[in-house]
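Trainee: okay, predicted coordinates and the sequence, questions at the end:
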2 protein chains.
Amino acid sequence: MRVDTRLDTQSTEATVSVPALLERGRTLCTPRLREAVGRLAAPMDTVAAYHFGWIDRDGRPAAGDGGKAVRPALALLSAQAVGADPGIGAPGGAAVELVHNFSLLHDDLMDGDETRRHRATAWTVFGPAQAILVGDALFALATEVLLEAPEASAAAGGPAIQAADAARAVRRITSATRKLIDGQAQDLSFEHRDRVTVEECLEMEGNKTGALLACASSIGAVLAGADDRTADALERYGHDLGLAFQAVDDLLGIWGATEVTGKPHWGDLRQRKKSLPVSAALAEGGRASRRLAELLADPEGRGHEDEEQLAARAALIEEAGGRAWTQDEARRRHKTALAALDEVPMPDVVREHFVALAEFVVVRER
Amino acid sequence: MRVDTRLDTQSTEATVSVPALLERGRTLCTPRLREAVGRLAAPMDTVAAYHFGWIDRDGRPAAGDGGKAVRPALALLSAQAVGADPGIGAPGGAAVELVHNFSLLHDDLMDGDETRRHRATAWTVFGPAQAILVGDALFALATEVLLEAPEASAAAGGPAIQAADAARAVRRITSATRKLIDGQAQDLSFEHRDRVTVEECLEMEGNKTGALLACASSIGAVLAGADDRTADALERYGHDLGLAFQAVDDLLGIWGATEVTGKPHWGDLRQRKKSLPVSAALAEGGRASRRLAELLADPEGRGHEDEEQLAARAALIEEAGGRAWTQDEARRRHKTALAALDEVPMPDVVREHFVALAEFVVVRER
C-alpha cells in the first residue's frame, strides 16, 4: 500500500521532523479554520480572529501564537495510520481546533483568566457576552465543518469522505466535548474544596485534556472509514498522551517561567488549582504534606498570597514529592500512549511520526 | 396510507385540541429530555433540572412551568406530515428543546435577565460559570440525542430512523443554532445603537426565533426520511410562525401584564430593546415618532427611567403606529406560514393540527 508521507514538496525522504509535522497540520487545517470563522457575522468574526491570534485588538493582522497545533498534526497522521491521504484528516483537525478554542473562550471566562498565549484573553478585550457567543459559534462550526466534509471533499476532487464516516466523527467529537465540559465542571468544583484525591484529579484531566487529544488522534482515521476498534486504540494513544501533556502542564503551571508559558508566575498556586503536583503532595502524608494541607485549609489571606508565600508552597509540594510524582506520571502516560499504538497495524513511518509527536508533547520542558 | 393521529388512547376521533397536541409533545419528548439531562455530571444535572423547572432551587421536585412545549408538538406533527409515526419526531423534539434551553441559559446571562418563567434565572441562582457550562452541555446533548436516535429506535422496536436521516437532522439543527447565535449577536449589537431599521429587526428575529421553530417544524419529517423540498417547506412554515410569535412577544414585552408573561413590566423598554414596535414607530416619522427618537437618543437618565417615563414611551410607540404595525405583522406572518403548508401534501388532519398550533401561537394575547 502506498502511503503519502511527504511533508513538503521539496523533500522526498521521510524524516521525522516535528516542526514539519506541525507545519503540515497548520498548512492543511488553518485555511479551513479561517474559512469557517469567516462565516461568522460581525463582530463575532473579529472576536474569533483575535482569539486565534490572527489579528490584534485593533484589527491589524498579527502573526499570532495560535498554539502549537499538535491536534491538527495528529488528525492528519491518524488518517495516514489507516492508509489514507493526510488531507482526509484535515476537516477533523479543523473541527478539533474549533472545539478546543470554544472551550478556551468559555473556560478563560469562567476561570477569570486574563492572559492566554501572551495576550489578553478575549473576554477581557471584547466582554463576557462576546466570549460566550463566539465560543458557542465555534462549537457549532465544528459540527458544520465535519458534516460538510463529504461534499467538500467531492467538490475538491480529492479522496472521498463518506457521509456515514462524517456522522461517526461528529458523534465522537460530541462525546469528547461532553467530557471536556465534565472536566471543566470538576475543575470548577475543585476550587471550592481544600483537597482532591489524585484519582479525582486524573479523572478531571482525562476529561479536560485527554478526551480531545484522543479525538484528534483518531478523527482522521474515522473520516477515512476505519473500524471502531482501530479508532478506539488511536483514542487511547491520544488520551494517555493528553494525560502526559497535562502532567507537564501542571508542572509548568507551578514551576514554569512566565516567558515560556505566557501565564502568570505561580499561576496555578495563586488560583489554588488542585493540580496533580498538589494532589500528589497532599496524598504523601509526611511533614511537608501536612504543612501544605494546613496552609490550603487556612481561610486567612486566601487569594492574597504574596510571591514569597507562593514560593514556600511550591517548595512544600516539591518536598512532599508532588513534583517528582508528576514527572513520573508524565513518563508513565507517555509509555502507555506508545503501547496503544502497537494495537494498530500502520506503516512504520506513520508510527515514527506519532512517536515523535508524543516525545515533543511530553519533553517540552523536562 | 394509514397515519396515526391518535392523541391519546381513550379517544378514537381526531379532534383539533391544542392542549392535547402540546401534552402529546411533552409526553413523548420529556422522558428523553430527562434521560439526556440525567447524563450530566453533578452539579450540572441539578442546574439543568432547575432551569427546566423540574426542581426548585433547594432541589425539591417542582411542577414547574417548562414553557409551552410548542416545539416538541411541532416536531411530532412534522413526522406525521410525511406519513410517519409521531414518535419518529420525538428525538427531534427533545433535541430542539435542548438547543432552545442552551440558548436561554446563555442569553439570560448575556442579557443580565434575572427572571424567566416566573422564576429566578439559573445564572442568578447557580452563578455565571454554571449557566455557561450547562448551556454548553445541553447543546452537545442535542447532537448526541439525534445521532443516537437510529440505535434507540431500533432498540425500542419502534419504527426505524436511518443513520443518514439523523445526520441530516444534526446538520439542520446546527444550522439553526448558528442562526440563533447570529440573532443573539445582532440583538446585543442593537443595544449599543439608538435605532435599528424594521428590516434589521426582522432579520434578527428571523434568526433568533424563526430558525429554531423552522427546525422544530421539519425535524420530524427529516428523521422520517422526507426529501429536502418537503423539509424546506415545513421550515418556511415554522420560520414565519416564529416571526408571528416574536411579533406577539414584542407586543407582550411592552404591553404584556407581568402576571401573564412572567417578565418585568415594560421589560423591553427598560432594557431599551430595539423590538419591532419600537423600530416600526421610529420608521413612521411623525410627531410621536420624532419625539420617541429624541428620548431614545438622549443619554440623560439612560437605564434609570421610572415607570412614568416608560409608560410615556409606550404611548409614543402606540401613537406612532408601532403597536398596530406589529399586530399586522403578526397576522401577515401567520398567513404566510399557513401558505407554506400548502406546498406539502399531507393528511388533512395533520394540516388542521399545524393550523391549530399556529393559531395558538399567534393569538395567545390578541
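Mentor: Structure's in. What do you need?

Trainee: quick one, what contacts the closest residue to chain B within the stretch 251-366 of chain A?
Mentor: Closest contact between the stretch 251-366 of chain A and chain B, by CB to the nearest CB, is at residue A:271 (13.5 Å). (C-beta placed from N, C-alpha, C; glycine too.) Residues near residue A:271 by CB atoms under 8 Å, 6 or more residues apart in numbering or on different chains: A:111, A:191.

Trainee: the strands in the stretch 101-250 of chain A, which residues?
Mentor: When assigned using DSSP state E, counting those that start in this stretch, the strands of the stretch 101-250 of chain A occupy the ranges A:115-116, A:119-120.

Trainee: looking at those, which one has the lowest mean pLDDT?
Mentor: Of all the strands of the stretch 101-250 of chain A, the minimum mean pLDDT falls on strand A:115-116 (a mean of 89).

Trainee: how distant is that one from the center of its chain?
Mentor: Shown here is strand A:115-116, whose average C-alpha point lies 15 Å from the average C-alpha point of the whole chain (CA atoms, centre = their mean, to the nearest Å).

Trainee: direction included, what does it pair against?
Mentor: According to DSSP bridges, the neighbouring strands of strand A:115-116, each with its direction, are strand A:119-120 (antiparallel).

Trainee: ok so, going back, for the residue of the stretch 251-366 of chain A closest to chain B, report the pLDDT, please.
Mentor: In this prediction, residue A:271 carries a pLDDT score of 77.

Trainee: how close does it get to residue A:204?
Mentor: Distance of residue A:271 to residue A:204, given as CB to CB, to the nearest Å: 14 Å.

Trainee: now swap in residue A:147 and tell me
Mentor: Taking CB to CB, one finds residue A:147 at 30 Å from residue A:204.

Trainee: okay, now the unreliable bits of chain A?
Mentor: Low-confidence regions of chain A, defined here as pLDDT under 70, cover residues A:1-15, A:64-66, A:258-264, A:301, A:364-366.

Trainee: got the residues of it near chain B?
Mentor: Taking CB under 8 Å from any CB of the partner chain as the contact definition, chain A meets chain B at A:39-41, A:43-44, A:102, A:106, A:109-110, A:128-130, A:132-133, A:135-137, A:139-141, A:143-144, A:147, A:163-164, A:166-167, A:170-171, A:174-175, A:177-178, A:181-182, A:184-186, A:188-189.

Trainee: mind checking which of these are buried?
Mentor: If you count burial by 16 or more other CB atoms under 10 Å in any protein chain shown, the buried members of the residues of chain A next to chain B come out as A:40-41, A:43-44, A:102, A:106, A:109-110, A:128-130, A:132-133, A:135-137, A:139-141, A:143-144, A:147, A:163, A:166-167, A:170-171, A:174-175, A:177-178, A:181-182, A:184-186, A:188-189.

Trainee: among these, which are in helices?
Mentor: Judged by DSSP state H, the subset of those located in helices is A:44, A:102, A:106, A:109-110, A:128-130, A:132-133, A:135-137, A:139-141, A:143-144, A:147, A:163, A:166-167, A:170-171, A:174-175, A:177-178, A:181-182, A:184-186, A:188-189.

Trainee: skipping adjacent residues, who's closest to whichever residue of the stretch 201-350 of chain A sits closest to chain B in space?
Mentor: Checking the stretch 201-350 of chain A residue by residue against chain B with CB to the nearest CB singles out residue A:207 as nearest, at 8.8 Å. Spatial nearest neighbour of residue A:207, excluding adjacent residues (CB to CB, 6 or more residues apart in numbering or on different chains): residue A:183 at 3.0 Å.

Trainee: so that neighbour touches residue A:206, yeah?
Mentor: Yes. Contact status for residue A:183 versus residue A:206: in contact at 7.5 Å, counting by CB atoms under 8 Å.

Trainee: those two: which is more packed in?
Mentor: Between residue A:183 and residue A:206, counted using other CB atoms under 10 Å in any protein chain shown, residue A:183 has the larger neighbour count: 24 against 20.

Trainee: residue contacts, that one?
Mentor: Counting by CB under 8 Å, 6+ apart, residue A:183 makes contact with A:204-209, A:211.

Trainee: out of these, which is nearest to residue A:70?
Mentor: Checking those against residue A:70 by CB to CB gives residue A:209 as the nearest, at 11.3 Å.

Trainee: name all residues that make contact with the closest one.
Mentor: Residues in contact with residue A:209, defined by CB under 8 Å, 6+ apart, are A:183, A:242-243, A:245-246, A:249.

Trainee: got a quick ChimeraX command for the buried subset of these?
Mentor: Restricted to buried positions by 16+ other CB under 10 Å, the ChimeraX selection for those reads:
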select /A:183,242,243,245,246,249
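
Trainee: looking at the contacts of residue A:209, which are in helices?
Mentor: Among these, the members falling in helices (DSSP H) are A:183, A:242-243, A:245-246, A:249.

Trainee: in a helix, residue A:72, correct?
Mentor: Yes. Secondary structure of residue A:72 (DSSP: H, G, I helix; E, B strand; the rest coil): part of a helix.

Trainee: quick check: the gap between it and residue A:355.
Mentor: Noted for residue A:72: a distance of 18 Å to residue A:355, by CB to CB.

Trainee: the two: which has the busier surroundings?
Mentor: Regarding residue A:72 and residue A:355, a neighbour count based on other CB under 10 Å identifies residue A:72 as having more, with 32 against 16.

Trainee: my read is that the more buried one contacts residue A:94, right?
Mentor: Yes. A contact is recorded between residue A:72 and residue A:94 when judged using CB under 8 Å, the distance being 7.2 Å.

Trainee: for the nearest residue to residue A:197 once chain neighbours are set aside, what are its contacts?
Mentor: Excluding the flanking residues, the one nearest residue A:197 by CB to CB, 6+ apart is residue A:279, at 6.4 Å. The contact partners of residue A:279, by CB under 8 Å, 6+ apart, come to A:195-198, A:200-201, A:322.

Trainee: so which of these wins on neighbours?
Mentor: Neighbour-wise, the contacts of residue A:279 (other CB under 10 Å) top out at residue A:322, 29 neighbours.

Trainee: how about that one: what's its closest non-neighbour residue?
Mentor: For residue A:322, the spatially nearest residue (CB to CB, 6+ apart) is residue A:281, at 3.1 Å.

Trainee: can you tell me which helix or strand that neighbour belongs to?
Mentor: helix A:276-284 (DSSP states H and E).

Trainee: how far does that helix sit from its chain's centre?
Mentor: Here helix A:276-284 is found 23 Å from its chain centre; the criterion is CA atoms, centre = their mean.

Trainee: tilt between that helix and helix A:163-190?
Mentor: Going by axes from the mean of the first three to the mean of the last three CA atoms, to 10 degrees, helix A:276-284 is angled at 50 degrees with respect to helix A:163-190.

Trainee: just the CA coordinates of helix A:276-284, formatted as CSV?
Mentor: Only the C-alpha atoms of helix A:276-284 are listed here, as CSV (Å, rounded to 0.1, in the frame of the first residue of the first chain):
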residue,chain,number,x,y,z
LEU,A,276,-1.5,16.8,40.1
PRO,A,277,1.6,18.0,42.0
VAL,A,278,-0.7,19.4,44.7
SER,A,279,-2.9,16.3,45.0
ALA,A,280,0.1,14.0,45.0
ALA,A,281,1.9,16.1,47.6
LEU,A,282,-1.2,16.1,49.9
ALA,A,283,-1.5,12.3,49.5
GLU,A,284,2.1,11.7,50.7
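
Trainee: could you identify the helix or strand that succeeds it?
Mentor: In the C-terminal direction, the helix or strand that comes right after helix A:276-284 (DSSP H and E) is helix A:287-297.

Trainee: chain center to that following helix: distance?
Mentor: Its chain's average C-alpha position is 31 Å from that of helix A:287-297, according to CA atoms, centre = their mean.

Trainee: do stretch A:274-290 as well
Mentor: Stretch A:274-290 has its C-alpha centroid displaced from the chain centroid by 26 Å (CA atoms, centre = their mean).
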